[in-house]
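# Compute the structure for the input listed below.
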Amino acid sequence: KCGAKFEGKKLPPPVPTKRASLGEREPDKDKEKAEKVLRIRKKVAQEILSTEKTYIKALDTICDKFLNPLRKAVAEDKPIISNQDIQMVFSVISVIRDLNKKFYADLEPLINNYTLGTQIGKVILDFAPYFKMYTQYVNAHENDQVQEYMRKLDSKAGTTPFKTFCYDVAKNEMCLPLPALLITPVQRIPRYRLLVQEYLKNTDKTHADYEDLSKALDKIKETAMIINEAVRRQQQRQTVMDLEKKFSSNPGFISPSRIFKHQGPLMKKCRADDRKYEFFLFNDLFVYGKETGKDRYALHKKIPIDQIFKVEEVADAENQHSFQITNSVKSFIVYASSDAEKKVWEKAIQEVLAARAKSLNKGDAAVAAPVWESDKKKMCQRQRKPDGTPCGTTFGLIKRRHHCRVCGVLCCHECSPYNVFLIEDGKKKERACTECILALMKIEKNKSLYKPEQLPSSGSKNVPTLPMSKSGIHSASSSTVTTRDDTKGNEVPEGVYKKAPPPPPARPAADSPSNKKAPPSLPPRRGKAGNGPPKSPRTESRRFPPPVPSKGNAPPIPTQKVPPIPQMVPPIPQKSVPPIPHKAPSTPPKAESKGASPTIEPKSNAPPKKGPPPPPSSKPPGKASTKAPAKVSNRPAAPRGNGIVSAYRRTRSPAVEGKKAKKKTGKIERARGAKLEALLSKFQASGGSSAARVPKAVD
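Next up is the predicted model:
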């Protein structure tokens, strides 16, 4: 339809548009860019002014609502806290307030009448050197004592006058708590750096304010770097303090230069078994402890990171992720749960060692502690015989396990009887085995401890026998060889060698006179010195266990076997006793009842003994006493407080109980023999007359 309407008619020519030239378009872009830059710079300048106003308001609250009332209370002799504590907590806060008020007063007219040519860089540059005053305040605020004050104000436990005062002021004035207000000066300098940096980024290099802003920014950065370093140190100290609170006892982690690096669980190879510990790595310390609860630990060992400290790879078939930590206190092997965890630990330790190497003194004397062998081995592992075989001593209740402090070998006391200094200026003697003693004897302090004949020869692995002193203790250069008790850390005398028991006597030949049977003799009475058969060594060793070395300062008494006491009283010779004549009875004997054998009781012609009648018995007739007489033991009392004797008594076997019964029967037999001996003596004294009456039981 539209085409039909204009059919046959010509359309009007298009109206040509006039394009602006390049020269006409440039002023518009420059104007737009200038307006945009002006808006950004003005916005940043206004933010500087507004944040400064808020900051000064916080400083006024600190000074007017907290600092001045506290000073007034001290002046009125009603102090809430002492004047020294006021100075420590608030430091130079009032001086900082006056400085920032002057800074705000100089900036306000410039920013309120802001234009594209406004220069605030000159004002910031003039005040930048005075901002170093903030470093004094930050160092005082990050002090441990001030932080302890702040923690007491934040905690809910306990109430103090200062805490009550701060709480009432914050409630009445509807302001932030005092700890939150005191942190604002610490955060102000980093805020200045960000604002000035943003303002300089939107300033053209041809602007007249660019040079002043650059110089002011450099000075603010220097101050901010000092403040940030102080804040970082405080955060690190806070981390160390938080870790210290996780231990049940005071581990003493807090140090001005100590920095926490890494933490994690590792399995440690101990002498008995493998145990899981939590390890903590600091820039100068390596600590591990056992977890006792949620975020609660018990300290086991603190190892300083010195020039001996290092990490070494070990080939362990059981644990592929294991590595050895060598140090001067206690070396050991640990293994991680994965290869990634192992690499994290190794990297962290290597970084600490690289940073620590600059501050370590290379001349410090130290010896690397060995990795001790496992206690699971049952025999001594020191090769000390000429043929190279092990010692062969089996560890048990008496034979204790020891470790050489030089090589860490598991050995007995006979293979490690030496106690020497491991370094030239050492202050403590350590145990050394027969293999390591020759190298340690080159130290000047060790040359006077042992004589050459007390040391093993360089070509043989035999252990010499140390000479015995009068007290039975091995002496070395008139000094007692001592060792350390591994369980309690006490210095106890060592070097006690028990004498070997004498060999059993050889059996006599069959035709020798000593082997012929002697005539029977009465068993001698026991209880008197010299009477009684000697005990066999086997019975004596079972009856009394060997003594245990004492834990005090006095040396233990060496065990010596007492030789048997010879029999002093010879046996009574046997004489032929003539038969006792009996007279024929004048009257026939009475008839006995059937089944009963007739008994003949000899009569004595001796007159009856005169004397007082026996006292009447208090017990009713017909009732015999059932109470057994008190037992009297001839066994000497065993020493009290001996753990081995107590254990020996508690674990008596049935064989021991059977021996007790035999011993009781032997006592009865010896009592009867003594009675018979007395009767025979009486019979011989009477000349063998029939007046001596012999009881039927003895007869």
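
# is it true that I80 lies in a strand?
No - I80 is assigned coil when assessed by DSSP: H, G, I helix; E, B strand; the rest coil, not a strand.

# So it sits against D168, correct?
No - taking Cβ atoms under 8 Å as the definition, I80 is not a contact partner of D168, at 11.0 Å. Bear in mind the C-beta positions are built from the backbone N, C-alpha and C, glycine included.

# More neighbours: those two, which one.
When I80 is set against D168 and neighbours are counted by other Cβ atoms under 10 Å, the residue ahead is I80, at 17 against 10.

# and that one, backbone torsions?
Backbone dihedrals for I80, given as degrees, to the nearest 10, come out at phi -90, psi -40.

# Please list all residues in contact with it.
L70, A73, P161, F162, F165 (Cβ atoms under 8 Å, 6 or more residues apart in numbering).

# One more: Y149?
Here Y149 is in contact with D85, V89, F162 (Cβ under 8 Å, 6+ apart).

# Pull out the buried residues from stretch 281-300.
By 16 or more other Cβ atoms under 10 Å, the buried positions in stretch 281-300 come out as L281, F282, N283, D284, L285, F286, V287, Y288, G289, Y297, L299.

# Check the residues you listed against S374 and report the nearest one.
Nearest to S374 among these, counting by Cβ to Cβ, is Y288 at 18.9 Å.

# what residues are up against the closest one?
Listed by Cβ under 8 Å, 6+ apart, the contact partners of Y288 are L266, K268, Y277, E278, F279, F280, H300, K301.

# which one of those has the most neighbours?
Going by other Cβ under 10 Å, F280 tops the contacts of Y288 with 24 neighbours.

# right, and the secondary structure at N228 would be what?
N228 carries the three-state label helix when classified by three-state DSSP.

# Give me the nearest residue to it, chain neighbours excluded.
Across the structure, with Cβ to Cβ, 6 or more residues apart in numbering as the measure, the residue nearest N228 apart from its sequence neighbours is P190 (6.9 Å).

# Report the secondary structure element holding that neighbour.
Secondary-structure element containing P190, defined by DSSP states H and E: helix 184-201.

# quick one: buried residues of that helix?
Buried positions in helix 184-201, judged by neighbour count with 16+ other Cβ under 10 Å: 184-186, 188-193, 195-196, 198-200.

# One more: stretch 403-419?
Residues 403-407, 409-419 are the ones in stretch 403-419 that count as buried (16+ other Cβ under 10 Å).

# got it, and stretch 434-452?
T434, E435, C436, I437, L440, M441, I443, N446, L449, Y450.

# Which ones among those residues map onto strands?
For these, membership in strands holds for none, with DSSP state E as the criterion.

# Among the residues you listed, which are located in helices?
Within the buried residues of stretch 434-452, membership in helices is found for I437, L440, as judged by DSSP state H.

# Can you tell me the SS state at C415?
C415 is classified as coil under three-state DSSP.

# Was I right to think it contacts C391?
Yes - judged on Cβ under 8 Å, C415 makes contact with C391 at a distance of 5.3 Å.

# Count the neighbours of the nearest residue to L182 once chain neighbours are set aside for me.
Distance criterion Cβ to Cβ, 6+ apart; nearest residue to L182, sequence neighbours excluded, is H141 at 6.3 Å. Using other Cβ under 10 Å, H141 has 23 other residues around it.
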